[in-house]
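Novice: The following block contains a protein sequence and its predicted model.
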Amino acid sequence: MNKKELRNIIRERKRQFSGQQLEELSLLVLDRLRRNIRLQQVRSILLYYSLPDEVNTHQFIDELVNQGKQVFLPVVVDGENMEIREYTGSKDLRQGSFHIMEPVGRLLPEDEYGKIEAGIIPGMSFDKSGHRLGRGKGYYDRMLCKMPHLYKIGICFDFQKTETVPTEATDIKMDAIV
Ligand SMILES: Nc1nc2c(c(=O)[nH]1)N(C=O)[C@@H](CNc1ccc(C(=O)N[C@@H](CCC(=O)O)C(=O)O)cc1)CN2
Ligand SMILES: Nc1ncnc2c1ncn2[C@@H]1O[C@H](COP(=O)(O)OP(=O)(O)OP(=O)(O)O)[C@@H](O)[C@H]1O
């Protein structure tokens, strides 16, 4: 199976669930994240601001800010690249590419990427070895290869997990799947 075929299968699985069901499933995934010891220990985290078909991170992000953690979100800058900006509250958010809400806060220079300790990475699918299937534009692979020390946690709904995700040399593996 190639990446495109697996994306179609996952899209079809997502269609079986209502928005309400995805909200409920999101709460289960967030509870697993809250119990993650590694996440409890870090002070700076890269997150993502979810789209309607993804694990809902909206309240969770604010929860982390309220715990005093430094939260960063990706911002799409062109067809291939993302930058990273700090998120300190919903007042920071503006709608960006692909209708994703993105922060306008402090830009993190690339030489400071090493300061972020953990990343929560969305995916269309993950397998047991930590391989990730994304939305197919290579945004995360290009950014994560600049962050070799980031502890990367892939998250998705359980029905998105698969036995083996097809891979290429440029794909960056996750350290854990929650
Ligand atoms: N919430 C969230 N933020 C994110 C990502 C993500 O997956 N989720 N990204 C992860 O990379 C980056 C944005 N990448 C994206 C790539 C494609 C599509 C998208 O909607 N693709 C359509 C079909 C492709 C197209 O329109 O050409 C689709 O998936 O149906 C969205 C975001 C950065 N921010
Ligand atoms: N580090 C990189 N440098 C250059 N091209 C890359 C890099 N990583 C991935 N690509 C290219 O980007 C394209 C999309 O890659 P892939 O299908 O793995 O995206 P994805 O991880 O599913 O997407 P996303 O990260 O946007 O969710 C491929 O043609 C791939 O070769």
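Specialist: In hand now; what should we look at? Ligands and ions are numbered 1, 2, ... in the order given.
Novice: Please tell me the pLDDT value assigned to the closest residue to residue 102 other than its chain neighbours.
Specialist: Nearest non-adjacent residue to residue 102, counting by C-beta to C-beta, 6 or more residues apart in numbering: residue 96, 3.8 Å away. Yep, even glycine has a C-beta here, placed from its N, CA and C like the rest. On pLDDT, residue 96 comes in at 96.
Novice: now swap in residue 79 and tell me
Specialist: So residue 79 comes in at 97 (pLDDT).
Novice: give me the number of residues near the residue nearest to it when sequence neighbours are not counted?
Specialist: Once flanking residues are discounted, residue 79 sits nearest to residue 137: 7.5 Å by C-beta to C-beta, 6+ apart. Using other C-beta atoms under 10 Å, residue 137 has 13 other residues around it.
Novice: give the contact list for the residue nearest to residue 102.
Specialist: Neighbour list for residue 96: 75, 76, 102 [criterion: C-beta atoms under 8 Å, 6 or more residues apart in numbering].
Novice: Next, the contact list for the last one, please.
Specialist: The neighbourhood of residue 102, defined by C-beta under 8 Å, 6+ apart, consists of 49, 73, 74, 75, 76, 85, 93, 94, 95, 96.
Novice: and the third one, how many neighbours?
Specialist: Okay, so that is residue 74. 24.
Novice: how close does it get to residue 170?
Specialist: Residue 74 sits 17 Å away from residue 170, going by C-beta to C-beta, to the nearest Å.
Novice: Let me know the closest of the contacts of residue 96 to residue 31.
Specialist: Minimum distance to residue 31 across these is 26.4 Å, recorded for residue 102 (C-beta to C-beta).
Novice: Tell me the predicted confidence for that closest one.
Specialist: According to the prediction, residue 102 has pLDDT 98.
Novice: re earlier: ok, which of the contacts of residue 96 also contact ligand 1?
Specialist: Near ligand 1, judged by C-beta under 6 Å from any ligand atom, the entries from these are residue 76.
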